[in-house]
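Undergrad: here are the coordinates; sequence isn't available:
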């Protein structure tokens, strides 16, 4: 979570040791970003010299960045609830 952002002002981010991560090849990857943890968007990113970089111009004072959009426990339960109402699905938990 990045907070105290100035809406309209670009912010640069860099993960300096991304090349040493479990997933060392970040070529073509774009960071996920959300303001509300529900709607996620991709932010143009670059990978060079083992560093993952992106620049984002926020429209709010707080933003969330992630490798992939997370599924909260609440979201998982809503998804299971929806599936179990489908007569073609058998849901076992």
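TA: That came in fine, so what should we check first? These numbers were taken from a predicted model, which means no experiment stands behind them. Residues are numbered from 1 along each chain as shown.

Undergrad: can you give me the helices for the chain?
TA: 73-84 (DSSP state H).

Undergrad: Helix or strand with the lowest mean pLDDT in it?
TA: Of all helical and strand segments in the chain, the minimum by mean pLDDT, DSSP states H and E falls on helix 73-84, at a mean of 88.

Undergrad: so where is this structure shaky, pLDDT-wise?
TA: For the chain, the stretches with pLDDT under 70 are 93.

Undergrad: residue boundaries of the strands in it?
TA: 11-15, 31-34, 40-43, 45-48, 51-56, 64-66 (DSSP state E).

Undergrad: So for residue 85, which of these sits nearest?
TA: strand 40-43 (25.2 Å; CB to CB). C-beta here means a position set from N, CA and C on the backbone, and glycine is covered the same way.

Undergrad: Which strands border that closest one, and is each parallel or antiparallel?
TA: strand 31-34 (antiparallel) (DSSP bridges).

Undergrad: Would you pull up how far the strand it pairs with lies from the middle of the chain?
TA: 4 Å (CA atoms, centre = their mean, to the nearest Å).

Undergrad: Then stretch 9-17?
TA: Counting by CA atoms, centre = their mean, stretch 9-17 is centred 15 Å from the centre of its parent chain.

Undergrad: now swap in stretch 57-73 and tell me
TA: Centre to centre, stretch against its chain (CA atoms, centre = their mean), the figure for stretch 57-73 is 5 Å.

Undergrad: which parts of it are buried?
TA: 58, 63-65, 69 (16 or more other CB atoms under 10 Å).

Undergrad: what about that stretch, how long is it end to end?
TA: Chord length of stretch 57-73, first to last residue, is 30 Å (CA to CA, to the nearest Å).

Undergrad: Give me the contacts around it.
TA: For stretch 57-73, the surrounding residues in contact (CB atoms under 8 Å, 6 or more residues apart in numbering) are 1-11, 13, 31-35, 37, 40, 43, 56, 79.

Undergrad: what do you get for stretch 76-93?
TA: Here stretch 76-93 has contacts from residue 71, using CB under 8 Å, 6+ apart.

Undergrad: how long is stretch 53-64 from one end to the other?
TA: Start-to-end, stretch 53-64 (CA to CA) is 15 Å.
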